[in-house]
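Participant: Okay, structure incoming, though there's no sequence with it:
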């Protein structure tokens, strides 16, 4: 970064990297180097080294490294020019005066400075209104009802915008021109041209940039005013798609924990942060944007998405996953039980329960596969639809090998046994296509002989038809089969006690299933016997046990708590014994 002959190069040559880094890390001489505990990850044994001759640092634990400017940029989360200035000041090197700005540049800079100061004054105004005004007492009661005490209100700088139309405007007017007040977004003009406050009768949440300067506000209505949440508009100092709420307070925790919790709203953020989980951020009333992801990547590339589990929250989760995957983030998804958002869950279950679920948050593909499992997969076409629900996410993974691994995982988890569909899935993943397009007539799963024989017996076996139906239903042996709907219809008819009428049965089936059932019933077959039925049932039981075994093994690999691990291992042993008994 430091070009030959530049001021940055001069600073780099004259700066003592050991002394500069020593302000942040306790260093100890070790041979020709200095060592200490790495400030970029948690460790107990020093693996962080500084080379005073080569003027570089490197951590043999987490792999970070660079020159003195890179260190300051990482620690202070600043850009290169600010890092050069900081190192120069720490090293006693005079910083050249910046070039003379043009009149236009000076005007823009003065304007931005005034807007930041205006928002600082507005934040103080809103805080006073909450603490001192009669209306503010009502707002305080609302916040207390939401579980926020005075300490929390002060910690997060919450305030209140009074219902009068111009209280803030009149305060700002004492120092600033109307044109600048309007530019700030804190006031609007009515039809007559008069300015009035944008925020009225609302709880106010200050929105700060990463350095902690208030640059915008979010307001929640106390009454029936719409919208429920109102945010500041775009201004010269605020672009909502480039700011993450709470990042100014979370950035140190993000660096230490090396992952971010991404929630939807202000109250969710505050609830998580108050549970002593500081590495939480939220987008400000907008879908997660590429600019916000880029900002977040300066601190971590690992994210747990914890949006609301309702329909809108699931859609927001899936939109965020697409962008995060494109930027090569390690993404997990925390879907809280009972339809709870983080704020509600923490109030009802507490921080310990939340932290436990947070630690167990599954990788994004496990979450998406869970969503795909809710789709109708009883037909090959249904499985194709479930696969194509997942493909846009697989497509976004930059690494080809990882895409291939996830394609195999999807095929296994969704029980895609059809060779043609498996191959189409593998090829689509390799080519980063967003959907799989095999010919529908080629993806029908060959029906196992055991299934065909059992279907035939459920119609023809007068001596044990009801018993056979009970056995299949009790073990749910038909669940997940390509023939599941046919079996369900046959079982229901058999359990009624009467001989099933094929002509009546097919009325409840789609065309593909009708064709298959008639095909089976027209096959020449021997007289049914219970011993043969038992043999066919064993085939389905083995399939069921193998699937549960795969599920248990997956849970074991996710490293559960000691008690759960013992239970899973015991169940795994039982399943192996069952498989051995089935031959």
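Facilitator: It's in. Fair warning: this is a prediction, and the values are worked out from it, not measured in the lab.

Participant: Show me what secondary structure element comes after the worst-scoring helix or strand of the chain on mean pLDDT.
Facilitator: Among the helices and strands of the chain, helix 419-430 carries the lowest confidence by mean pLDDT, DSSP states H and E, at a mean of 72. Once helix 419-430 ends, the next helix or strand along the chain (criterion: DSSP states H and E) is helix 449-460.

Participant: where in the stretch 51-200 of the chain is pLDDT low?
Facilitator: Regions of the stretch 51-200 of the chain meeting the criterion pLDDT under 70 cover residues 98-101.

Participant: What ranges does the stretch 1-150 of the chain have for its strands?
Facilitator: Using DSSP state E, counting those that start in this stretch, the strands assigned to the stretch 1-150 of the chain run over residues 28-30, 33-36, 48-51, 56-59, 65-66.

Participant: Show me what counts as buried in the third one.
Facilitator: The neighbour-count check on strand 48-51 (16 or more other Cβ atoms under 10 Å) flags 48, 49, 50 as buried. From N, CA and C alone the C-beta is placed, and that goes for glycine too.

Participant: From the residues you listed, pick the one nearest residue 511.
Facilitator: Of all the buried residues of strand 48-51, residue 511 sits closest to residue 48, with 67.7 Å by Cβ to Cβ.

Participant: residues in contact with the helix or strand containing residue 332?
Facilitator: Using DSSP H and E, residue 332 sits in strand 330-333. With contacts defined as Cβ atoms under 8 Å, 6 or more residues apart in numbering, strand 330-333 is touched by 259, 301-306, 317, 321, 324-325, 361-364, 366-367.

Participant: Now find how far off-centre it is within its chain.
Facilitator: Computed by Cα atoms, centre = their mean, to the nearest Å, the chain-centroid distance of strand 330-333 equals 5 Å.

Participant: residue ranges with poor pLDDT in the stretch 351-500 of the chain?
Facilitator: 378-380, 417-422, 438-446.

Participant: How about the contacts made by the residue nearest in space to the middle of the chain?
Facilitator: The centroid of the chain falls nearest to residue 305 when counting by Cα atoms, centre = their mean (2.1 Å). Counting by Cβ under 8 Å, 6+ apart, residue 305 touches 262, 317, 320, 321, 324, 331, 332, 333, 334, 364.

Participant: Go again with 10 Å.
Facilitator: For residue 305, the contact set (Cβ atoms under 10 Å, 6 or more residues apart in numbering) comprises 260-264, 288, 313, 316-318, 320-321, 324, 329, 331-335, 361, 364, 367.

Participant: Helix or strand: which one has residue 377?
Facilitator: Assessed by DSSP H and E, residue 377 sits outside every helix and strand.

Participant: separation between it and residue 398?
Facilitator: Separation of residue 377 from residue 398 (Cβ to Cβ, to the nearest Å) stands at 29 Å.

Participant: For these two, indicate the residue with more neighbours.
Facilitator: Ranked by neighbour count (other Cβ atoms under 10 Å), residue 377 and residue 398 place residue 377 first, with 21 against 11.

Participant: Might one say that that one is in contact with residue 410?
Facilitator: No. Counting by Cβ atoms under 10 Å, residue 377 stays clear of residue 410, with 11.9 Å between them.

Participant: anything in contact with each of the two?
Facilitator: The contact lists of residue 377 and residue 410 share 386, 387, 416, where a contact means Cβ under 10 Å, 6+ apart.

Participant: Among the contacts of strand 330-333, which ones are in helices?
Facilitator: Among the contacts of strand 330-333, the members falling in helices (DSSP state H) are 317, 321, 324, 325, 364, 366, 367.

Participant: Pick out the most distant pair among those.
Facilitator: Farthest pair in the ones in helices among the contacts of strand 330-333, by Cβ to Cβ: 324 and 366, 15.2 Å.

Participant: Residue 399 contacts residue 328, doesn't it?
Facilitator: Yes. The criterion here is Cβ under 10 Å, and residue 399 meets it with residue 328 at 7.7 Å.

Participant: who has more neighbours, these two?
Facilitator: residue 328 (14 against 10).

Participant: can you pull the contacts of that one?
Facilitator: By Cβ under 10 Å, 6+ apart, the contact set of residue 328 is 297, 301, 396, 397, 398, 399, 402.

Participant: ditto for residue 115
Facilitator: Residue 115 sits next to 176, 180, 181, 183, 184, 185, 186, 215, 235, 236, 237, 238 when contact means Cβ under 10 Å, 6+ apart.

Participant: rerun that using 7 Å as the cut-off
Facilitator: Applying Cβ atoms under 7 Å, 6 or more residues apart in numbering to residue 115 gives the contacts 184, 235, 236, 237.

Participant: Would you confirm that the first one contacts residue 118?
Facilitator: Yes. With the criterion set as Cβ atoms under 7 Å, residue 184 and residue 118 qualify as a contacting pair; they are 5.2 Å apart.

Participant: More neighbours: which of these two?
Facilitator: residue 184 (26 against 21).

Participant: now the helices: where do they sit in the stretch 451-583 of the chain?
Facilitator: With DSSP state H, counting those that start in this stretch, the ranges of helices along the stretch 451-583 of the chain come out as 465-474, 484-495, 502-505, 511-521, 530-557, 562-582.
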